[in-house]
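Enquirer: got a predicted structure here, sequence first:
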Amino acid sequence: MVTKEQFISRLKAKSLPSLPLTVAALGEAVQDERCTLDRILGILSKDPSLSATLLRLANSALYAGGATVMDLRAAVQRLGFDAVANLGTGAAVIKTLRGGTHLDATRLWQHSVAVGLTAKGVCVLAKRHGQAETAFLTGLLHDIGKVALDTCFPEAYTEVLQKVQEGAFFLDAEREVLGLDHAEAGALLAAEWSFPQTIIEVIRDHHEPPATDFLPNLIHLADFLVRTRIPMGPADEHLLVSLESMPAFQAVLAGALHKELDVERLTFSIDDEVDHALAFVELAFQ
């Protein structure tokens, strides 16, 4: 069985890369109410690769709003400061972690980005506009513990993946083989990378969200919706539940709001988010 201390020790021994300094600088900048466009552009000027990725994203189907933008200034203006920071973090995490040793990296990140986009969309439906960008980032990061465990304990994680292929859910297989699941491992990695406490807690709790905590329930709901479109294993291919009976659905879209919601339309809209996720991952891998 793997303890938290052993996991952190192995993280350091494996020299898992740190995120680029650009990511931390962007996160710090957007938290400053006095942040200016020139400050954001100054930070991005030190990271041509990330700048190119953001320019491509601004012109992708996910954010394109008319004419093609030809320069970074216009791209940042189109995306907005918060989206620039979160998209930059997402692209950097994908490039840094890639896919571990045995995981299907493409499927993992397609799933994770789709969860982020779905969470953002549901957040808007729930009239929580101020949390939409945080919802996107936490959704994108919710499964980073899988990559960390696969990187740090590749032989044991082979056994985990075998159990998943035999019909177990990831969480159950990880707990049986390792004693440490990807939610806890992801939270530990996020703490090592100095992510905000809110994001650390959502990653930790996204499979077993506290009843009254909005963001963990939102990611739990979005994860379920996306796994019906991008299954992470054979067990996901048989997911079947009344959406409105889910505690997470009640926690996120409670009261009169969810009664007005067209649930069928919501579930079909996930297909659009999956398409957007495919494009995002392709750009990030470049």
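Expert: It's in.

Enquirer: can you give me the pLDDT of the closest residue to residue 89 other than its chain neighbours?
Expert: In space, and not counting its chain neighbours, residue 89 is closest to residue 23: 5.1 Å by C-beta to C-beta, 6 or more residues apart in numbering. Where you see a C-beta, it was placed from the backbone N, CA and C, and this is true even at glycine. As predicted, residue 23 sits at a pLDDT of 87.

Enquirer: swap in the one 10 residues further on?
Expert: According to the predicted model, the pLDDT of residue 33 comes to 89.

Enquirer: now it, what's its secondary structure?
Expert: With DSSP: H, G, I helix; E, B strand; the rest coil as the basis, residue 33 sits in coil.

Enquirer: now residue 240
Expert: Here residue 240 takes the coil state, with states given by three-state DSSP.

Enquirer: ok, it to residue 8 distance?
Expert: As judged by C-beta to C-beta, to the nearest Å, residue 240 and residue 8 stand 38 Å apart.

Enquirer: looking at these two, which has the bigger crowd around it?
Expert: Between residue 240 and residue 8, counting by other C-beta atoms under 10 Å, residue 8 is the more crowded of the two (16 against 5).

Enquirer: contacts only, for that one.
Expert: 188, 192 (C-beta atoms under 8 Å, 6 or more residues apart in numbering).

Enquirer: centre of the chain versus the host helix or strand of residue 52, how much separation?
Expert: For residue 52, the host element (DSSP states H and E) is helix 48-58. Here helix 48-58 is found 19 Å from its chain centre; the criterion is C-alpha atoms, centre = their mean, to the nearest Å.

Enquirer: same check on stretch 109-128?
Expert: Using C-alpha atoms, centre = their mean, the offset of stretch 109-128 from its chain centre is 9 Å.

Enquirer: now do stretch 81-91
Expert: 12 Å.

Enquirer: buried ones in that stretch, by neighbour count?
Expert: 81-91 (16 or more other C-beta atoms under 10 Å).
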